[in-house]
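In: okay, predicted coordinates and the sequence, questions at the end:
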Amino acid sequence: MRIALVGLLIAVGLCSGCSTMKQTAFNGSSEKSETVIRVSATADCVPTGIKVNAGDVLHFDSKEQKWSAGGALLTGTDGLEGTPSKEELPVAVEGGKFAELAGSVGSWKFLIGSANTITMIRSGELCLFMNDRVRCYGDNSGAVEVIITRARQK
């Protein structure tokens, strides 16, 4: 009961420091937690405070969220179609599009998009960011909120 009450207080934002992160704990045979992280388009890595282990399964959802890469029109977290060109490389996560939501754990970087379930292959703190040219985040704008649900913990 105490865990449920603490989770409820955090979920409604009655704790200090909850402006960028809200957590909800669920009781049951397989404990799940949900965290909402605000990811700025101008940051090359937004630390989430979420520690993961190799084998953990996380679900990411940022549907209907918009941000802008390099002055382009607002786009969703699935990124801008047809980007980047060869002249615009390197990007933070090769094979991904500009403005696509991406993440990292240590040196491992991966693409997320608007919704995805990913098994972690490294242990450490999860960071989120917009996929963009390396060291070129200053011309982006906006932020998105990403709901992260730990589906299975190793």
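Out: Noted; the coordinates are in hand. Quick caveat: nothing in here was measured; it's all calculated off a predicted structure. Numbering: from 1, shown residues only.
In: next one: the residue positioned nearest the centre of the chain from residue 40, what distance?
Out: Centroid check for the chain by C-alpha atoms, centre = their mean gives residue 128 as the closest residue, at 4.1 Å. According to C-beta to C-beta, to the nearest Å, residue 128 stands 10 Å off from residue 40. C-beta coordinates here come from the backbone N, C-alpha and C atoms, glycine included.
In: now do the strands in the protein.
Out: Assigned by DSSP state E, the chain shows strands spanning 21-26, 32-40, 46-52, 57-61, 67-68, 101-105, 108-111, 115-119, 124-130, 141-152.
In: I figured residue 44 was touching residue 136, is that so?
Out: No - with contact defined as C-beta atoms under 8 Å, residue 44 does not count as touching residue 136 (9.2 Å).
In: got any ranges where the protein has weak pLDDT?
Out: Counting by pLDDT under 70, the ranges of the chain that qualify are 1-31, 154.
In: so what's in contact with residue 128 and residue 40 at the same time?
Out: With contacts taken as C-beta atoms under 8 Å, 6 or more residues apart in numbering, the residues that reach both residue 128 and residue 40 are residue 46.
In: right, and the strands of the chain - which one's nearest residue 86?
Out: Smallest distance to residue 86 across the strands of the chain (C-beta to C-beta): 18.8 Å, for strand 108-111.
In: for the closest one, buried residues please.
Out: Neighbour-count burial for strand 108-111, with 16 or more other C-beta atoms under 10 Å as criterion, is recorded at 109, 111.
In: pull up the pairing partners for it, direction included.
Out: strand 101-105 (antiparallel) (DSSP bridges).
In: what lies in contact with the strand it pairs with?
Out: Residues contacting strand 101-105 (C-beta under 8 Å, 6+ apart): 39, 45, 52, 60, 62, 77-79, 92-93, 96, 109-114, 118, 120-131, 144, 146.
In: what angle separates that strand from strand 32-40?
Out: Strand 101-105 and strand 32-40 meet at an angle of 110 degrees, taking axes from the mean of the first three to the mean of the last three C-alpha atoms, to 10 degrees as the criterion.
In: and strand 101-105, how far out from the chain middle?
Out: Relative to the centre of its chain, strand 101-105 is centred 6 Å away, using C-alpha atoms, centre = their mean, to the nearest Å.
In: do me a favour and get the end-to-end distance for stretch 93-104?
Out: 9 Å (C-alpha to C-alpha, to the nearest Å).
In: next, the closest residue in space to residue 63 that isn't next to it in sequence: phi, psi?
Out: Leaving out its chain neighbours, the residue that sits closest to residue 63 by C-beta to C-beta, 6 or more residues apart in numbering is residue 114, at 5.0 Å. With angles defined as degrees, to the nearest 10, residue 114 sits at phi -80, psi -30.
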